[in-house]
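Asks: Fold the stuff below for me.
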Amino acid sequence: MRKAFFAVRMSLPNILTLARIVAIPVVVALLYVPGMAAAWVALAVYAAAGITDWVDGWLARRMGETSAFGQALDPIADKLLVGAVLLVLVGNGAIPGIHVIPALIILLREILVSGLREFLAGTRVSLPVTRLAKWKTTIQMVALGVLIVGDRGVAGLPYGLAMLPVGIIGWVGLWAAGLLTLKTGFDYTRAGLAHIRQMDAS
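Replies: Predicted structure coming up:
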């Protein structure tokens, strides 16, 4: 039994999920390294980690290797990556001033939904990911990628590219993700509370 569990845990989809977690300190470290090269390498590692989020799920379904270990670890890996990048970008000034608000909304929503899912999982009730939530995640990941590169990442490029308002583009994307986060967070909370009221009434 122990050998079988180890085999499932170390399946290719789960290895990709673990790789996403391993990539987090690499991205964080690169964000503290000055210069254009470090910014682009950080983006490349971050993008690779984001791609594995889709690939590991696709492989698990394709190979018929879905597991409780993978299902538990996958959303944790996503939240660790997003949370770590958000905190570092706020810390190094890539997300300044009022733009911290959508970053805070995103972090609080992740905590809220994770808490609801954890509670409802014990009652065998699930909160499925909605299409709007998938759009939120996509916009959020792209915005963070843009902010990882930031103005330092385009500073050494040809004049036309170097003049791109990268920071502003990233902030707009972050606000869009923050607004969608409020909507999806409200929807998940309403659905979760409805299940809780049903349990209290029964």
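Asks: Could you verify my assumption that T130 touches G185?
Replies: No - using C-beta atoms under 8 Å, T130 is not in contact with G185; the gap is 11.2 Å. In short, each C-beta sits where N, CA and C put it, glycine included.
Asks: neighbour count winner among those two?
Replies: G185 (20 against 14; other C-beta atoms under 10 Å).
Asks: Excluding chain neighbours, what is closest to the more buried one?
Replies: Of all residues not flanking G185 in the chain, R109 sits nearest, at 4.0 Å (C-beta to C-beta, 6 or more residues apart in numbering).
Asks: Secondary structure element for the one you found, which one?
Replies: Per DSSP states H and E: R109 is located in helix 100-121.
Asks: pLDDT averaged over that helix - what is it?
Replies: On average, the pLDDT along helix 100-121 is 84.
Asks: now do stretch 29-44
Replies: The predicted model gives stretch 29-44 an average pLDDT of 90.
Asks: for stretch 130-143, same thing?
Replies: pLDDT averaged over stretch 130-143 gives 88.
Asks: what's the longest helix in the chain?
Replies: helix 166-201 (DSSP state H).
Asks: same for it, what does it pack against?
Replies: If contacts are counted by 3 or more C-beta pairs under 8 Å, 6 or more residues apart in numbering; DSSP states H and E, helix 166-201 sits against helix 100-121, helix 131-154.
Asks: quick one: which of those helices is nearest R190?
Replies: helix 100-121 (10.4 Å; C-beta to C-beta).
Asks: For that closest one, which residues meet the burial criterion?
Replies: P102, A103, I105, I106, L107, R109, E110, V113, L116, L120 (16 or more other C-beta atoms under 10 Å).
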